[in-house]
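Sequence isn't available, so here's the structure alone:
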């Protein structure tokens, strides 16, 4: 009779802990409380669990896997990224194992450990800054790793992304050149990419000698959040004549708030979003935005990773271009 495959989840259930705790115990047992470690060890011995990454009774590696970490399942930009990843992975016979970490570096650390326990062949990360312990996990993994959606310079990793700082500068510079003088920046989670766009915004305003206004709710963006932020901005910046949003969700919310308040766009207030999502291109008026190549980033990063899995030398970095997407929420006046 074929022996039933033992999984990390089986161990977790029997020991009364989470799968993450079992994964942590297998990698760094000294980081697990003594009582918990003893309980896990007892279960492992009882069921004959062998923490060998090549053991098919543990990981079922008949199909090789690529691990993918994204900060949110609720953001369309990561859907586009995943579509690019899947296109290449599926064509080359790989499965993707996708998990989220809700913009939390601590949770990202735990998810990295969990993914590595599945004996993945490569790993794609959507952040370039990690906790110290996460870095130790990554360095010890000895598999190809890619950091995407931004610019990074880790010597042992692939980096495929675009320049968020330059894109933020480009969007703000366009608003300044059109004659706008009171431009607000609407942020979101204040993650590294958001911060870089804000830095580009500040650089353009400093260059022009204009004041800056930063409004950030530090939560996942949404259309409703954008509308609420717009109401706040109208009170705090009476002369407001333009808004640069860190993504299109917020920008659509801003547009709807302007329409509800009978504020003319772009005559009175210009709006520029970020990412060039489809929702912004089918709204009325059509949203001006910065188009980012999310699908291409996922596609190219996966191509390079799987080449490294095969032992092929690849470029360490590929920077793709963003472009200004003309719409009806911005005019040169």
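Noted; the coordinates are in hand. In this text, all values refer to a predicted model and were calculated from it rather than measured experimentally.

Surely residue 188 is in contact with residue 248?
No - taking Cβ atoms under 8 Å as the definition, residue 188 is not a contact partner of residue 248, at 11.3 Å. (C-beta placed from N, C-alpha, C; glycine too.)

These two: which is more packed in?
Higher neighbour count among residue 188 and residue 248: residue 248, with 29 against 26, using other Cβ atoms under 10 Å.

can you list the domains in the protein?
8-57, 63-162+294-322, 164-291 (automatic domain parsing).

Looking at those domains, spot the one closest to residue 332.
domain 164-291 (4.8 Å; Cβ to Cβ).

Compute the first-to-last residue distance for that closest one.
11 Å (Cα to Cα, to the nearest Å).

Ok, stretch 254-266 next?
Note: stretch 254-266 ends 12 Å apart using Cα to Cα.

Buried ones in it, by neighbour count?
254, 255, 256, 257, 258, 263, 265, 266 (16 or more other Cβ atoms under 10 Å).

Residue 160: what secondary structure?
Following DSSP: H, G, I helix; E, B strand; the rest coil, we place residue 160 in the strand state.

Need the residues that contact stretch 36-46.
11, 14, 15, 16, 17, 21, 22, 25, 29, 32, 49, 51 (Cβ atoms under 8 Å, 6 or more residues apart in numbering).

Just give the number of residues close to the second one.
Neighbour count for residue 14, taken as other Cβ under 10 Å: 18.

Please name the nearest non-neighbouring residue to it.
residue 43 (4.5 Å; Cβ to Cβ, 6 or more residues apart in numbering).

Am I right that that neighbour is in a helix?
Yes - the assignment for residue 43 is a helix, going by three-state DSSP.

Could you check the pLDDT of it?
pLDDT for residue 43: 85.

One more: residue 331?
85.

can you count the residues close to it?
Neighbours of residue 331 (other Cβ under 10 Å): 14.

Spatially nearest residue to it (excluding sequence neighbours)?
The nearest residue in space to residue 331 (Cβ to Cβ, 6+ apart) is residue 266, at 4.8 Å.

The one you found is in contact with residue 329, isn't it?
Yes - Residue 266 lies in contact with residue 329 (Cβ under 8 Å); the separation is 5.3 Å.

Report the set of residues contacting both of these two.
285, 288.

quick one: low-confidence ranges for the stretch 51-200 of the chain?
The stretch 51-200 of the chain contains residues with pLDDT under 70 at 51-62.

what about the helices in it?
Applying DSSP state H, counting those that start in this stretch to the stretch 51-200 of the chain gives helices spanning 56-59, 76-91, 105-116, 132-141, 164-177, 192-208.

can I get those in TSV with mean neighbour count?
Below are the helices of the stretch 51-200 of the chain laid out as TSV (neighbours: other Cβ atoms under 10 Å):
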stretch	mean neighbour count
helix 56-59	16
helix 76-91	19
helix 105-116	20
helix 132-141	15
helix 164-177	21
helix 192-208	20
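
now these in JSON lines, with distance to residue 322?
Putting the helices of the stretch 51-200 of the chain into JSON lines (distance: least, Cβ to Cβ, whole Å) gives the following:
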{"stretch": "helix 56-59", "distance to residue 322": "39"}
{"stretch": "helix 76-91", "distance to residue 322": "12"}
{"stretch": "helix 105-116", "distance to residue 322": "25"}
{"stretch": "helix 132-141", "distance to residue 322": "27"}
{"stretch": "helix 164-177", "distance to residue 322": "4"}
{"stretch": "helix 192-208", "distance to residue 322": "11"}
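
Can you check which of the ones you listed gets nearest to residue 321?
Using Cβ to Cβ, the helices of the stretch 51-200 of the chain put helix 164-177 closest to residue 321, at 9.4 Å.

who are the neighbours of the closest one, in terms of helices and strands?
Applying 3 or more Cβ pairs under 8 Å, 6 or more residues apart in numbering; DSSP states H and E, one finds that helix 164-177 contacts strand 183-186, helix 192-208, strand 242-245, strand 270-272, strand 289-291, strand 323-325.

how about these in CSV, adding distance to residue 218?
As requested, the helices and strands packed on helix 164-177 are exported to CSV (distance: least, Cβ to Cβ, whole Å):
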stretch, distance to residue 218
strand 183-186, 12
helix 192-208, 10
strand 242-245, 15
strand 270-272, 21
strand 289-291, 22
strand 323-325, 27
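
nearest to residue 169, of these?
helix 192-208 (3.6 Å).

what's downstream of the closest one, the next helix or strand?
Next along the chain after helix 192-208, taking DSSP states H and E as the criterion, comes strand 213-215.

Residue 41 and residue 12, how far apart?
13 Å (Cβ to Cβ, to the nearest Å).

More neighbours: these two, which one.
Between residue 41 and residue 12, residue 12 has the larger neighbour count (other Cβ under 10 Å), namely 19 against 15.

No further questions, thank you.
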